[in-house]
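**Q** any chance you could fold what I've pasted below:
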Amino acid sequence: MDQLALLFLLLLGAVVSVPVGDRLGLPAPVLMTLLGIVLALLNFVPNVNVPPDLILPLLLPPLLYAAVRRTSWRQFTANRRPIFLLAVALVFVTTLCVAVVANAIVPGLPIAAAVALGALVAPPDPVAATAVAGQLGLPRRMVSILEGEGLFNDVTAIVLYHVAIAAAVSGTFSPWKAGLDLVLSAVVAVSVGLALGWGANKLMDLLGDATLQIGLTLLVPYASYVLAEEFHGSGVLAVLTTALFLAEYATDPDDVMTRLAGHTFWDIVDTLVTGVAFGLVGLELHNAIRTASGRWGEMLGWAAAVVGVVVLVRLLWLLPATWLAKRMHARRDHDEDIPMGWRETVVMWWSGMRGVASAALVLAIPLTTDDGSAFPERDELVFIAFGVIMATLVLQGLTLPWLVKRLGVQADTDHEKELEKALAVRAAKAAKRRLREIEAAEDLPEELSEQMLRRAFDIGVRISPDLGEDERREGHEHRVRRLKRIRRIQGEMLSAARHEVLAARSEPGADPEVVDRVLRHLDVRSLR
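**A** Below is the predicted model:
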């Protein structure tokens, strides 16, 4: 099996793991990691030859962009305190604790290398967190915090990692320079992200065509990441800034085709790239196996100790952090999302899985230092890091659905229905308001005006059937049945038309381009 065949196998696994995971009640990323582990143990499967320094630039930008599309700037601002406590403060605390323990138990490990280990295992994986949380029906406030933590903790961890690696390679460290690098990295990233977001928004208006606009959205995350890294900024923060800007300002309510096609496109990208990313994590197991040859007992003990620190520190931090966030929430009455009880706190704790970012960072550790000597205890760091990734991703990922079900932590569907009903009312009122404006400007026949008024009412009732009174609801249901019958007949008519046009494609003298243009017209008509 060659590298290309392995890539296609991972892509196939990414597609198949979604329905299999739904049937088994397990997250697709965990299944893909298990597939990668199985492949890593087979002799005929080659080692992955992707350069470590390309893993993050290739995989993270589209995954982060896809994740940000599912959220909003309001959620980040409303949850700024919980996100800060988890994505910034907890990363620092975890890095410090892991560095102290690793420096104490691994002989000959310098403190700078230990800090690098702490930084790369500190951040829970944003892709694993959002993918797992989204499938378990967790309360929206928990999903918001997990998404915010997963998206922002990489920024803190990667900057810490680069500072520690630089200190280990050069043998010197300046706290002031490290702090300045952290601030400058954030400023550069936000500046690049805003500039590219503004430029992409203007370019989308010029492109006009949905296909070109969606293609641009695929290029923008990579451009944002690479450009920020070139200016020594945080590529992750730049991608987040660009994605949030476009989510807020690049949305045209009337551009239906671009929105529907873009949603489908990014769902496909998210599924495929997520599957490949976690498959690669599992495949990298062979590095850990090769490293531990002849020293399994000793190195498993080190890995277990670091896993214990990572898991325990998260629990011990979450308990007071949740209490503090609740006190500040009650005192200032902010509209923010926080865990509301010990059950949700336990689920938040057990959701801290490590993944793609940790694997890429540990593989990117340099082989040598500036003086030409080998990087101190690099093999040991690789083994410990993969021990943490496998233990948290596989063990916690497999048991999280059971834990959520056992604790009874589920989304408040009644609250969601109320929000849906409120939005349905606003939509119907907006439609009626616009109808009154049209009636004032144009001379509409009474029959047409009444028909349009019913359709304005139907807009809200179709979203939330509870809006209508019994009599009007019955009338609406009758109209819906009639409309469904019309649509069924019209659909069969359009289907016959499409079959006839497709049959003409193979006839002598047929122009495929003309046939496809006519077929697209019929497809758009069917969509409407």
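**Q** give me the neighbour count for residue 121.
**A** Here the count is done by other CB atoms under 10 Å, and residue 121 has 30 residues near it. C-beta here means a position set from N, CA and C on the backbone, and glycine is covered the same way.
**Q** would you map the helices across the stretch 251-400 of the chain?
**A** 256-283, 285-291, 296-332, 342-350, 356-363, 378-390, 397-407 (DSSP state H, counting those that start in this stretch).
**Q** looking at these, which is nearest to residue 230?
**A** helix 356-363 (18.5 Å; CB to CB).
**Q** restrict the strand or helix carrying residue 54 to CA atoms and write it as PDB.
**A** Remark: residue 54 resides in helix 52-68, with elements defined by DSSP states H and E. Only the C-alpha atoms of helix 52-68 are listed here, as PDB (Å, rounded to 0.1, in the frame of the first residue of the first chain):
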ATOM      1  CA  PRO A  52       5.300  17.500  10.800                       C
ATOM      2  CA  ASP A  53       5.500  21.200  10.100                       C
ATOM      3  CA  LEU A  54       2.800  20.900   7.500                       C
ATOM      4  CA  ILE A  55       0.200  19.000   9.500                       C
ATOM      5  CA  LEU A  56      -1.100  22.100  11.400                       C
ATOM      6  CA  PRO A  57      -1.200  24.400   8.300                       C
ATOM      7  CA  LEU A  58      -2.900  21.700   6.200                       C
ATOM      8  CA  LEU A  59      -5.500  20.500   8.700                       C
ATOM      9  CA  LEU A  60      -6.300  23.200  11.200                       C
ATOM     10  CA  PRO A  61      -7.400  26.200   9.000                       C
ATOM     11  CA  PRO A  62     -10.400  24.400   7.300                       C
ATOM     12  CA  LEU A  63     -11.400  22.700  10.600                       C
ATOM     13  CA  LEU A  64     -11.300  25.900  12.600                       C
ATOM     14  CA  TYR A  65     -13.200  27.800   9.800                       C
ATOM     15  CA  ALA A  66     -15.900  25.100   9.700                       C
ATOM     16  CA  ALA A  67     -16.300  25.200  13.500                       C
ATOM     17  CA  VAL A  68     -16.600  29.000  13.600                       C
END
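**Q** just want the most central residue of this protein.
**A** residue 67 (2.9 Å; CA atoms, centre = their mean).
**Q** other residues contacting stretch 369-379?
**A** 106, 108-110, 113, 168-171, 291, 365-368 (CB atoms under 8 Å, 6 or more residues apart in numbering).
**Q** and residue 387, what pLDDT?
**A** At residue 387, the pLDDT value in this model is 88.
**Q** related to what we said a few turns ago, I figured the residue nearest to the centre of the chain hits residue 152, correct?
**A** No: under the criterion of CB atoms under 8 Å, residue 67 makes no contact with residue 152, lying 11.3 Å away.
**Q** circling back: pLDDT check: weakest of the contacts of stretch 369-379?
**A** residue 291 (70).
**Q** how about the helix holding residue 54: buried residues?
**A** Across helix 52-68, burial judged by 16 or more other CB atoms under 10 Å covers 52, 55-56, 58-68.
**Q** okay, those in a markdown table with pLDDT next?
**A** Formatted as a markdown table, these follow (pLDDT from 0 to 100):
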| residue | pLDDT |
| --- | --- |
| 52 | 65 |
| 55 | 76 |
| 56 | 76 |
| 58 | 85 |
| 59 | 82 |
| 60 | 81 |
| 61 | 88 |
| 62 | 89 |
| 63 | 81 |
| 64 | 81 |
| 65 | 86 |
| 66 | 84 |
| 67 | 78 |
| 68 | 79 |
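**Q** format the residues you listed as JSON lines; extra columns: distance to residue 448.
**A** As requested, those are exported to JSON lines (distance: CB to CB, whole Å):
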{"residue": "52", "distance to residue 448": "66"}
{"residue": "55", "distance to residue 448": "60"}
{"residue": "56", "distance to residue 448": "59"}
{"residue": "58", "distance to residue 448": "56"}
{"residue": "59", "distance to residue 448": "55"}
{"residue": "60", "distance to residue 448": "54"}
{"residue": "61", "distance to residue 448": "50"}
{"residue": "62", "distance to residue 448": "48"}
{"residue": "63", "distance to residue 448": "50"}
{"residue": "64", "distance to residue 448": "49"}
{"residue": "65", "distance to residue 448": "45"}
{"residue": "66", "distance to residue 448": "44"}
{"residue": "67", "distance to residue 448": "46"}
{"residue": "68", "distance to residue 448": "43"}
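**Q** so of the residues you listed, which two are at opposite extremes in space?
**A** 52 and 68 (25.1 Å).
**Q** from the buried residues of helix 52-68, which is closest to residue 323?
**A** Using CB to CB, these come closest to residue 323 at residue 67, 28.2 Å.
**Q** let me know the distance separating that closest one from residue 103.
**A** 34 Å (CB to CB, to the nearest Å).
**Q** one more: residue 12?
**A** 43 Å.
**Q** which one of those two is surrounded by more residues?
**A** Taking other CB under 10 Å, residue 12 and residue 103 do not tie; residue 103 has more neighbours (18 against 13).
**Q** residues contacting the more buried one?
**A** Residue 103 neighbours (CB under 8 Å, 6+ apart): 109, 110, 111, 114.
**Q** now do the third one: how many residues are near it, please.
**A** By that I understand residue 111. 15.
**Q** now it, nearest residue through space, not along the chain?
**A** residue 103 (5.4 Å; CB to CB, 6 or more residues apart in numbering).
**Q** okay, and the one you found sits in which element?
**A** helix 90-105.
**Q** which parts of that helix are buried?
**A** Quick answer for helix 90-105 (16+ other CB under 10 Å): 90, 91, 93, 94, 95, 96, 97, 98, 99, 101, 102, 103.
**Q** closest one of those to residue 514?
**A** Of those, the one sitting nearest to residue 514 (CB to CB) turns out to be residue 91, at 58.2 Å.
**Q** surely the closest one and residue 153 touch.
**A** Yes: between residue 91 and residue 153 a contact is recorded at 5.2 Å, counting by CB under 8 Å.
**Q** what residues do these two have in common as contacts?
**A** Shared contacts of residue 91 and residue 153, defined by CB under 8 Å, 6+ apart, are found at 122, 123.
**Q** any low-confidence regions in the stretch 401-528 of the chain?
**A** Low-confidence segments of the stretch 401-528 of the chain (pLDDT under 70): 411-416, 460-477, 479, 527-528.
**Q** meant to ask about the stretch 101-250 of the chain, not that
**A** For the stretch 101-250 of the chain, the ranges with pLDDT under 70 are 126-136, 250.
**Q** and the helices in it?
**A** Under DSSP H, counting those that start in this stretch, the stretch 101-250 of the chain gives helices at 111-121, 126-135, 140-170, 175-207, 210-230, 235-249.
**Q** so who does the nearest residue to residue 238 once chain neighbours are set aside touch?
**A** Nearest residue to residue 238 in three dimensions, chain neighbours excluded: residue 228, at 3.5 Å (CB to CB, 6+ apart). Shown in contact with residue 228 (CB under 8 Å, 6+ apart): 188, 189, 192, 193, 234, 235, 237, 238, 239.
**Q** cool, residue 404 as well?
**A** With CB under 8 Å, 6+ apart, residue 404 has these contacts: 136, 137, 138, 347, 410.
**Q** looks like the second one contacts residue 408 (just checking).
**A** In other words, residue 137. No: counting by CB under 8 Å, residue 137 sits too far from residue 408 to count as a contact (11.2 Å).
**Q** any idea which of the helices of the stretch 251-400 of the chain is most buried?
**A** helix 356-363 (a mean of 27; mean count of other CB atoms under 10 Å).
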